[in-house]
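Undergrad: From the sequence below, what's the structure:
(chains A and B)
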Number of protein chains: 2
Amino acid sequence: MKALGRQILAEFFECDIQVLNSVDAVKMFMQEAAAISQANIVQSVFHLFNPHGVSGVVVIAESHFAIHTWPEYGYAAVDLFTCGEQVDPWKAFDFLKESFKATKVMTMEIQRGQLDVKGKELYYNPPIIKVKKDMVPAGVSA
Amino acid sequence: MKALGRQILAEFFECDIQVLNSVDAVKMFMQEAAAISQANIVQSVFHLFNPHGVSGVVVIAESHFAIHTWPEYGYAAVDLFTCGEQVDPWKAFDFLKESFKATKVMTMEIQRGQLDVKGKELYYNPPIIKVKKDMVPAGVSA
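TA: Below is the predicted model of the structure:
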C-alpha cells in the first residue's frame, strides 16, 4: 500500500487574535512554514475579509498549505498537504502552532491517494493514520 | 455544538486521464463546481507540472476548493472546504465526479472549527461526521 500524499488537518484554538486578523502576518507565517518544511513555493494568494478573517493558500510543488482564520473566535483552520519524503508537514505545524500562539490544537493526518496495484485492499480508502491531541483541558477525555 | 465550516476530502480514482492532465479543463471544472455550489470565487490559481499533473486552488469567500491530479494513476485529490449554509459542497462533488469520469470515489466530510462556549464537550475535536463510499469493487468489503 502506497500513498501519494499526506495531509494534516489542524485546528488551532485560542490563538493570538491580532495575528489571525493580519493578512501580512498570516501570509508571512504560512510561507515561512512552507520553507521550514522544505517545500517549494509555487504561488501564494491571501485575502483579508471584511469585517475580519484571513483566507490564504500557498501552492507548493508538493501540493498546498491552506488557512482560514476566524479572529473573533481565536480560531484558525489549517491544511498541510504534502507529497514525497523530502517535505515534513509536521515541521510546518509546529512552527505555525508557535507563531499563532495556539493554546489548544487538534490534528488529523490523513493519507491521500492510496494505491495498490493488486487491487485487493482498500486502496481507495484514505484512513486517518494519526490523531494527535495536545493540551487537552482538564475534565475532557481525549 | 456549532461548526464554522465543513470539508469534503474526495478521492477520485480511475478518472479520465486527459482531463486530469489538462490545466485548462481542471481549472474550468473546479470553477464551475464552485459556481454550481453557490460559492463566490475570490481568486483561482492553477499550475501544470512537468512531466504531468495539475495543482490548483479556487479561493472562495466561503473558504476554498483545492485539487491535485496524478494523471499517471488516474487519480485526483480534491478538497471542498465551505462555510455557511448557502454553499453546498456536495453539489460540487457530484459535478466533479461526473466531469472527471471517476469510476471509484471515496469521501470524508469533516467539521472544522467546532465551538462550544460552554467548553464541556470536545469542541476542538473535528470528527468525521460522514463517510460515503461509492462503487465498492467486488471482493472488497466497505
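Undergrad: Tell me if I'm right that A:Ser37 and A:Pro89 touch.
TA: Yes - counting by CB atoms under 8 Å, A:Pro89 is a contact partner of A:Ser37 at 5.7 Å. Placement of C-beta: from N, CA and C, glycine included.
Undergrad: For those two, work out which one has more neighbours and name it.
TA: Counted by other CB atoms under 10 Å in any protein chain shown, A:Ser37 and A:Pro89 do not tie: A:Pro89 has more neighbours, with 27 against 22.
Undergrad: picking up where we left off before, which neighbours do A:Ser37 and A:Pro89 share?
TA: Shared contacts of A:Ser37 and A:Pro89 (CB atoms under 8 Å, 6 or more residues apart in numbering or on different chains): A:80, A:82.
Undergrad: OK, contacts around A:Phe81?
TA: A:5-8, A:63-66, A:89, A:112, B:66, B:68, B:77, B:79.
Undergrad: Recalculate using a threshold of 6 Å.
TA: The neighbours of A:Phe81, taking CB atoms under 6 Å, 6 or more residues apart in numbering or on different chains as the test, are A:7, A:63-64.
Undergrad: Then A:Asp16?
TA: For A:Asp16, the contact set (CB under 6 Å, 6+ apart) comprises A:100-101.
Undergrad: Give me the phi and psi for it.
TA: Note on A:Asp16: backbone dihedrals following degrees, to the nearest 10 are phi -70, psi 110.
Undergrad: Mind jotting down where the strands sit in chain A?
TA: With DSSP state E as the criterion, chain A has strands at A:2-13, A:41-48, A:54-60, A:63-70, A:75-83, A:104-115, A:128-134.
Undergrad: Compare the mean pLDDT across the ones you listed and name the weakest.
TA: The minimum mean pLDDT among the strands of chain A belongs to strand A:128-134 (a mean of 47).
Undergrad: Excluding chain neighbours, give the residue nearest to A:Phe49 in space.
TA: A:Ser55 (6.7 Å; CB to CB, 6 or more residues apart in numbering or on different chains).
Undergrad: what's the longest helix belonging to chain A in contact with?
TA: If you go by DSSP state H, chain A has its longest helix at helix A:23-36. The contact list for helix A:23-36, computed with CB under 6 Å, 6+ apart, reads A:19, A:41, A:46, A:48, A:54, A:56, A:58, A:60, A:65, A:67, A:91-92, A:95-96, A:99.
Undergrad: Thank you, goodbye.
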